Structures are given as structure tokens and as C-alpha cells.
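# return atomic coordinates for the entry below.
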Amino acid sequence: MPRRPRICPAGMPQHVIQRGNNRQICFQDLADRAAYAMYLSRYQRKFGVDIHAWVFMTNHTHLLVTPGTDDALSAFMKSVGQSYAQYYNGKYERSGTLWEGRFKSCMVDTEQYFLQCQRYIELNPVKAGLVDYPGDHQWSSYNCHAYGMRSKLHTPHPCYLNYQPDPDKRFISYRSFIASPTPEGMDDEIHYAAISGKPLGSEEFQERVRAKYWEA
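Okay, here's the model as predicted:
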């Protein structure tokens, strides 16, 4: 079955996954992750992409972003991927492809699924057995949302800001949300949507997306 056409409309949140080729390691030390974060920061400003959530694993990354224009996300990811690959190949005296083809992405429904997707991203290190507590993984957005840590990468989404208007209460509520059980089947739904390009959201949201972008 052919992959769905990539649709990245302005103002629509996207869950993005970028993997190392053949699942090879693409971050070997803290300096590598810092370099990748630097490229994200540089190109998010250049192309007008808001980054709401992120996590850097050993062989892949997750981002939750909103592009400012219809072509911003592709240009952003291409620039980040190429710049980091050049850095990595030069540092480790290697050549060839670092990333697995094109990045994976899907549109995210802000009505019901945005915070679920954000939680999925920030719990990746826990589910992978890297840490017991999400705040112990330095390279994610969890501490921004749970404790108010500042980051140049971070643009909090209205779904998060509206979760609880008072910041201190929001941090407490968000930590409780992350610690609460994930709805059954939600992780599989989020993973499948990103890999397949299918919109992540309610049936109504998916119908709207199909009607507007794929059946027009």
C-alpha cells in the first residue's frame, strides 16, 4: 500500500519521527545531542516552526511541532537532518546515509489527542528502560512542562497552557497527568499514525482531513 501523501498545512500540529538508518545509533554522547538541539533551534527560527515537545533517544527522535507555512516542516527537517549528518560524519570519520529515508509524520487532532501525543513522546525514555522517571532524561521537553524549565527550543502549545491557567497548578496537574495510566491502545494508535502518515485524531477529525486534503 503506498504511503499517504505528506500534508503539512500551516498551523496544524505534527508528530514527527526521524530514525537512524537501519536503526543505527545517531547520538553517541551528550555533545551529539547538544549539536542536534542547536540545529533544531537554528532552523526553527529560520523556517518558522514551533517546537512543542521533543525527545532524543539513541537512534531516533520525536518532535511535536506546528509549522508556520505549508512547506516549512519539510524544509526544516531537511536542513536539520543534513546539517546534523554532516556534523556526525565529520566527527566520527564516517560516510554515507545517517537517517532512514524521509522523516515520518502525521497531523495531530488538538481536541483530544495533542496532550496524549505529548505524553507519549516524553515517556519514551521510560518505556525504553533508559530511566525510571521522565525528568531524569535530560533530552526531552518533560521538565519544561512539568517544572517550568526554560529552553530555546520550547514553544508551549495552547492545549498545554489551557490545561490549567495557573502555572504552578499546571505543573502539578501535568505531572499527575503523565503519571496516570495511558488509555488502552493509545500508544499503538499514536505509533501507527506517525509511521503510516494517517491523521491522529477522532473519526470526525480524520474525515475532515481526508475531505480537505486527500479527496479535494
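# now the residue most central in space within the chain: closest residue in space, sequence neighbours ignored.
Central residue of the chain (CA atoms, centre = their mean): Leu63, 1.4 Å from the mean position. Spatially, and ignoring its direct neighbours in sequence, Leu63 is nearest to Val16 (4.3 Å; CB to CB, 6 or more residues apart in numbering). All C-beta atoms are positioned from the backbone trio N, CA, C, and that covers glycine.
# show me what contacts Arg42?
By CB atoms under 8 Å, 6 or more residues apart in numbering, the residues touching Arg42 are Ser83.
# go on, the one 4 residues further on?
Taking CB under 8 Å, 6+ apart, we find Lys46 in contact with Phe76, Ser79.
# quickly find the element holding it.
Using DSSP states H and E, the element containing Lys46 is helix 30-47.
# now do Arg19
Per DSSP H and E, Arg19 falls inside strand 14-19.
# what is that strand packed up against?
With contacts defined as 3 or more CB pairs under 8 Å, 6 or more residues apart in numbering; DSSP states H and E, the packing partners of strand 14-19 are strand 60-67, helix 72-91, strand 104-107, helix 186-196.
# per-residue pLDDT, the nearest residue to Thr97 once chain neighbours are set aside?
Excluding its sequence neighbours, the residue lying closest to Thr97 (CB to CB, 6+ apart) is Asn21, at 4.9 Å. In this model, Asn21 is scored at 92, pLDDT.
# now do the contacts for Asn21.
By CB under 8 Å, 6+ apart, the contact list for Asn21 reads Thr97, Leu98, Trp99, Glu100, Gly101.
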